[in-house]
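S.K.: Predicted coordinates and the sequence they were generated for:
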There are 2 protein chains.
Amino acid sequence: MKLMDIYARMKKDIAYVERELEGSVYTEHAMLKETSLHLLKAGGKRIRPVFVLLSSQFGRYDVQRIKHIAVPLELIHMATLVHDDVIDDADTRRGQLTVRSKWDNRIAMYTGDYIFAKALTVATELSNPRIHQILSSAIVELTIGEIEQIRYFFRTDQTLRHYLLRIKRKTALLIAISCQLGAVASEADEDVSEKLYQFGYNVGMAFQIRDDILDLTGTEKELGKPPGSDIRQGNITLPVLYALADPSIRGELLAEIERIRLVDGQTDVTPFLRMIRSGTYVQQADQLSSRYIDRAIEALSGLPSNRAKRDLVDIAHFIGDRSY
Amino acid sequence: MKLMDIYARMKKDIAYVERELEGSVYTEHAMLKETSLHLLKAGGKRIRPVFVLLSSQFGRYDVQRIKHIAVPLELIHMATLVHDDVIDDADTRRGQLTVRSKWDNRIAMYTGDYIFAKALTVATELSNPRIHQILSSAIVELTIGEIEQIRYFFRTDQTLRHYLLRIKRKTALLIAISCQLGAVASEADEDVSEKLYQFGYNVGMAFQIRDDILDLTGTEKELGKPPGSDIRQGNITLPVLYALADPSIRGELLAEIERIRLVDGQTDVTPFLRMIRSGTYVQQADQLSSRYIDRAIEALSGLPSNRAKRDLVDIAHFIGDRSY
């Protein structure tokens, strides 16, 4: 499989970033070291560092420099996960106990703050102020996205635009700046970093749409958590919006969502899942995801044809097709 | 009173920073704007911005430049207050409802994250990497301090060293770097910024000790909250440590703290307050606070004798004497 080939080829640098990630959260404070490493060791695809490493190959590639982007971006992502788990009352993530469940919500909040602060410390090793401006603006948008997510829980009157703006802030933006900053930090031309931003943004949108689809169509085994977690939490995702726009199912679906809301998601959501899986709602969402992938690949068209570009295209296709 | 004279003299620049503070949290997001402004409007002494403004007078004073330090430091302080209120289940602060009580814990967590991110955005306007390194390292220590505070709740076996390290991280460090960064950002000499750091550190230690004393000796009217809030939460402060070191009261005090711990602070703490107010424990703590004030003033000794230096000395004395 192409994705594994890419990871295999980048193995050395990915391993280097991984060690730097671990080193970055090092502290003599035993509990914080434990909570932070607990998260890191839970793994993850490290998709943001991979994008940083690939994008930086459009400039002067120097992994010892680029780690100051790759590490903070993964750490910021991790910090938001810890805070999200507090919000979601999540007990497990990637099959492991969450910080809030293994310790408590308070520890999780401060662990998130700590990892976040460590991310910044690593980034300050780079002196280009533009990098810090891009990074901090993205974090502002990210936090707004988090609040928006809460605000729109169970809101069946939201539009497609609300949804897209929310997943942009929540997911696409951080992937977009991973690609952009990889290029900026390796001193690629401005228009190269701009194109990579566009690539990352579109890939990120597709990624989140796929993620939202999988929560509705996957099995507990595939997902590592029961399907329907989103609706239990109140998160109205793209296929649900398409279903709500269909008059033949809307009334029934509204009643079902209301039933779930009234018991705070503590219920069997099989009837809900059955409704969404019927019709073409998932298929429509899939089509929008594919359109984002197409746009991502288009964004790369003006860039030099190198190995990194071919890898980015392969990853984009993989994300578009991903079924687990 | 001298302190009011200082504020009066700096009125124009403080008002400017105040407007910039409000502008800095501006967002089209109605709820976040409301939660952030709610906090800002609750007021506060703005002691960090005042220290930044005074310290920057040892270099090239330019308030339009210095605001990029003064604003972030106050915002970071505010962000930690919002997160602290979540931890402390606090319903009011400065006589106003807290964000967590007016909205909820989740909103408060993300409001804190948002204000924090906004702080960084403002600071990125300055390109000196040293500023960002100092800032981010201090934030790391601050988050460790928060976790430490939780970890030492109700721990009667802690030493004076634990307490001092905790208040350093929680309070003194941010005041220290307010003074240091005011000087760095206005391009004062390295040894000037170092001395100002020492001044701020020592003033900050005295400030927190005074704060901890007041929680034990003040009235509800003076404090804006009932006395004994610290022990209800489990926070063992300096006078309590001195009392625990006194064999004539130790046994009785341990039993009383255990009684408070077992009911999670939901009890009348008058017997505890009476014990701490007896003897010389508060007086001993006061003496240590005074020593920090002396050291703060000593730290300024090598600096040019200007208006700003006299103001810093006056503020230090005010903090040492403050009884509300």
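M.R.: Nice, I can see it.
S.K.: Tell me which stretches of chain A form strands.
M.R.: Along chain A, counting by DSSP state E, strands occupy A:92-93, A:96-97.
S.K.: Tell me which of those sits most buried.
M.R.: A comparison of those by mean neighbour count, using mean count of other Cβ atoms under 10 Å in any protein chain shown, puts strand A:92-93 on top with a mean of 18. (Each C-beta comes from the backbone N, C-alpha and C, glycine too.)
S.K.: Could you export the strands of chain A as TSV, including mean pLDDT and distance to B:P247?
M.R.: Output for those, formatted as TSV (pLDDT from 0 to 100; distance: least, Cβ to Cβ, whole Å):
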stretch	mean pLDDT	distance to B:P247
strand A:92-93	73	49
strand A:96-97	78	44
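S.K.: Chain B is nearest to which of the ones you listed?
M.R.: Nearest of these to chain B, taken as Cβ to the nearest Cβ: strand A:92-93 at 17.2 Å.
S.K.: related to what we said a few turns ago, redo the strands of chain A as TSV? Include distance to chain B.
M.R.: Converted to TSV, the strands of chain A look like this (distance: least, Cβ to the nearest Cβ, whole Å):
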stretch	distance to chain B
strand A:92-93	17
strand A:96-97	18
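S.K.: got JSON lines for the ones you listed, with distance to A:T171 too?
M.R.: Formatted as JSON lines, the strands of chain A follow (distance: least, Cβ to Cβ, whole Å):
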{"stretch": "strand A:92-93", "distance to A:T171": "16"}
{"stretch": "strand A:96-97", "distance to A:T171": "21"}
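S.K.: Show me which residues of the stretch 101-250 of chain A sit near chain B.
M.R.: A:105-107, A:109-114, A:116-118, A:120-121, A:123-127, A:129, A:132-133, A:135-137, A:139-140, A:142-144, A:146-148, A:150-151 (Cβ under 8 Å from any Cβ of the partner chain).
S.K.: Can you name the residue of the stretch 151-300 of chain A nearest to chain B?
M.R.: When scored by Cβ to the nearest Cβ, the stretch 151-300 of chain A has A:R151 as its residue closest to chain B, at 6.4 Å.
S.K.: so who does that residue touch?
M.R.: By Cβ atoms under 8 Å, 6 or more residues apart in numbering or on different chains, A:R151 lies in contact with B:M31.
S.K.: For A:G234, see how far away it is.
M.R.: Remark: distance between A:R151 and A:G234 (Cβ to Cβ, to the nearest Å) = 10 Å.
S.K.: Check A:Q266 too.
M.R.: According to Cβ to Cβ, A:Q266 stands 12 Å off from A:G234.
S.K.: who's more crowded, the two?
M.R.: A:G234 (18 against 8; other Cβ atoms under 10 Å in any protein chain shown).
S.K.: can you give me the helices in the stretch 201-324 of chain A?
M.R.: Per DSSP state H, counting those that start in this stretch, the stretch 201-324 of chain A carries helices over the ranges A:220-223, A:229-233, A:238-244, A:247-262, A:270-277, A:281-299, A:307-321.
S.K.: Now do the third one, average pLDDT.
M.R.: Which is helix A:238-244. Helix A:238-244 comes out with an average pLDDT of 98.
S.K.: The fourth one now?
M.R.: Along helix A:247-262, the predicted local confidence has a mean pLDDT of 97.
S.K.: what's around A:T171, how many residues?
M.R.: Look at A:T171: counted by other Cβ under 10 Å, it has 24 neighbours.
S.K.: isn't it right next to A:Q208, touching?
M.R.: Yes - judged on Cβ atoms under 8 Å, A:T171 makes contact with A:Q208 at a distance of 4.1 Å.
S.K.: So which residue is smack in the middle of chain A?
M.R.: A:T171 (4.2 Å; Cα atoms, centre = their mean).
S.K.: Can you tell me how far that residue is from B:L238?
M.R.: The spacing between A:T171 and B:L238, counted by Cβ to Cβ, is 47 Å.
S.K.: swap in A:N235?
M.R.: Distance, A:N235 to B:L238, using Cβ to Cβ: 47 Å.
S.K.: what does A:G251 give?
M.R.: Taken as Cβ to Cβ, the span from A:G251 to B:L238 is 65 Å.
S.K.: ok, those two, which is more surrounded?
M.R.: Under the criterion of other Cβ under 10 Å, the comparison of A:G251 against B:L238 puts B:L238 first, with 24 against 9.
S.K.: What count of nearby residues applies to A:G224?
M.R.: A count of nearby residues for A:G224, using other Cβ under 10 Å, gives 13.
S.K.: let me redo that: A:A8
M.R.: The number of residues packed near A:A8 is 9, by other Cβ under 10 Å.
S.K.: how close does it sit to B:K195?
M.R.: Distance of A:A8 to B:K195, computed by Cβ to Cβ: 55 Å.
S.K.: now swap in A:Q284 and tell me
M.R.: Here the criterion is Cβ to Cβ. By it, A:Q284 lies 66 Å from B:K195.
S.K.: Between those two, which is the more surrounded one?
M.R.: Taking neighbours as other Cβ under 10 Å, A:Q284 and B:K195 compare with B:K195 leading, 23 against 17.
S.K.: need the contact list for the more buried one.
M.R.: Taking Cβ under 8 Å, 6+ apart as the criterion, B:K195 is in contact with B:A299, B:L300, B:G302, B:L303.
S.K.: For A:L97, which non-adjacent residue is spatially closest?
M.R.: Leaving aside its sequence neighbours, A:L97 sits nearest to A:D91 (Cβ to Cβ, 6 or more residues apart in numbering or on different chains; 6.7 Å).
S.K.: pretty sure the one you found contacts A:N105?
M.R.: No - the pair A:D91 / A:N105 is not scored as a contact, 11.9 Å apart, by Cβ under 8 Å.
S.K.: my guess is A:A308 meets A:L54, correct?
M.R.: Yes - at 4.6 Å, A:A308 counts as touching A:L54 under the criterion of Cβ under 8 Å.
S.K.: what's the distance between the lowest-mean-pLDDT helix or strand in chain A and the middle of its chain?
M.R.: Every helix and strand in chain A was compared by mean pLDDT, DSSP states H and E; the lowest is strand A:92-93, with a mean of 73. Offset of strand A:92-93 from its chain centre (Cα atoms, centre = their mean, to the nearest Å): 15 Å.
S.K.: Within the sheet, what are the partner strands of that strand, with directions?
M.R.: Here strand A:92-93 has these sheet partners by DSSP bridges: strand A:96-97 (antiparallel).
S.K.: Report the contact partners of the residue of chain A most remote from its centre.
M.R.: Ranked by distance from the centre of chain A (Cα atoms, centre = their mean), the top residue is A:S248, with 33.2 Å. For A:S248, no residue meets the contact criterion (Cβ under 8 Å, 6+ apart).
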